[in-house]
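J.: kindly generate the corresponding structure for this input.
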Amino acid sequence: MVLALSGGSIAAIAAVVAVAGAVNGIAGFGFAVVGTMALATLLDPATAVAFMILPMFGVNLALVGDLSREELQTCGRRFAPLLLAALVGTLLGTALLGRFPAGPLRGLLGLVALGFVATTQRIVPVPALSRATDRCFVETPFAMAGVGIVSGLLFGATNVGVQLVAFVRSCDLSHGLFVGVVALVFVGINGLRIAAAGAFGLYSDLGLVLASLAAAVPAVAGVAAGKRLRGRVSEQIRRGLVLGLLSGIGVRLVLGGAEASEPVVAGSRWQTRSRTGSRTSRVTRSAPRT
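T.: Numbering: from 1, shown residues only. Have a look, this model is predicted:
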């Protein structure tokens with residue numbers, strides 16, 4: 001996983017993480033999903049997921065500061081089963097990340113982004129989702145463990161923690177406390193993921209580590225700017241901003257994933273070409289004889 005960037009690419013990545021940080025500062029969520037999905041249109045998707053881990057840690061560490069010491073202790077005890085289960089699931093998801101081919105992973109990220117939009121929007125009711133939420137999103141240790149494992153697995157592979165965010169939102173917290181609790185959960189998860197990414201070889205290139213670390217600076221700056229705007233922006237606008245960005249990015253990723261790998265018959269060989277930026281793979285086999 002080697003990261004070689006031009007000056008224009010560096011500027012684009014800095015802009016992406018800064019905008020994602022501002023979105024998170026305003027809405028209280030969205031940094032990971034917006035940043036990862038946008039970067040996956042510029043970089044290899046596995047690289048995009050790994051790249052965002054350090055900036056996510058920095059952003060959520062900044063947001064945890066919104067909690068008082070008493071709130072931090074109380075929420076830590078209250079959501080401990082969710083956090084511990086999410087840590088286990090995240091390790092499994094991170095281990096699987098390097099095993100996905102680039103094309104299908106890009107398409108998967110797009111589907112996850114669109115799924116996030118579908119389950120978060122409030123315009124079209126989804127009865128099945130409401131029933132599942134009522135059944136699963138109950139504040140018991142068993143329910144929190146189940147949500148944590150599934151959410152952690154998805155988060156480890158894609159950086160999307162939609163179930164974690166939805167579960168915390170269902171606990172009737174004030175917006176400020178909701179932002180802090182979500183940040184607390186993701187600080188713990190991403191702290192572990194930094195070590196796991198190194199152990200699983202996702203940080204095999206020192207340039208990737210340094211660039212990811214540097215990206216935390218515009219990310220945290222974006223969060224600070226977004227937090228200043230939070231009180232001036234209505235809930236409807238906050239939600240529309242996140243979902244609008246993700247809808248466009250998700251469609252682009254799905255289309256890119258579908259086009260990344262296409263079977264081509266050439267002569268007597270079946271070929272599969274993968275057009276995914278810096279990674280190109282070809283699998284060949286003899287065509288059946290007639």
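
J.: run through this structure and note the low-pLDDT ranges.
T.: By pLDDT under 70, the weakly predicted segments of the chain are 1-6, 126-139, 259-290.

J.: for this protein, which segments count as helices?
T.: With DSSP state H, the ranges of helices along the chain come out as 7-27, 31-39, 45-51, 53-64, 69-78, 80-97, 102-120, 127-136, 141-158, 162-169, 175-199, 206-230, 235-260.

J.: can you give me the angle the last one makes with helix 102-120?
T.: Right, helix 235-260. Relative orientation of helix 235-260 and helix 102-120, computed by axes from the mean of the first three to the mean of the last three C-alpha atoms, to 10 degrees: 150 degrees.

J.: so for helix 235-260, what gets flagged as buried?
T.: The neighbour-count check on helix 235-260 (16 or more other C-beta atoms under 10 Å) flags 238-239, 241-243, 245-247, 249-250, 252-254, 256-257, 260 as buried. Heads up, the C-betas are built off the backbone N, CA and C, glycines and all.

J.: what's the answer for the second one, then?
T.: When neighbours are counted by 16+ other C-beta under 10 Å, the buried residues of helix 31-39 are found to be F31, A32, V33, V34, G35, T36, M37, A38, L39.

J.: tell me the one among the buried residues of helix 235-260 nearest to G25.
T.: R238 (10.2 Å; C-beta to C-beta).

J.: make sure the closest one is actually in contact with G25.
T.: No - if you go by C-beta atoms under 8 Å, R238 and G25 don't touch, sitting 10.2 Å apart.

J.: find the residues that touch each one of the two.
T.: Counting by C-beta atoms under 8 Å, 6 or more residues apart in numbering, the residues touching both R238 and G25 are R230.

J.: just give me the neighbour total for A195.
T.: Residues near A195, counting by other C-beta atoms under 10 Å, number 12.

J.: for A12, see how far away it is.
T.: Relative to A12, A195 is positioned 29 Å away (C-beta to C-beta, to the nearest Å).

J.: and for H175?
T.: Distance, H175 to A12, using C-beta to C-beta: 31 Å.
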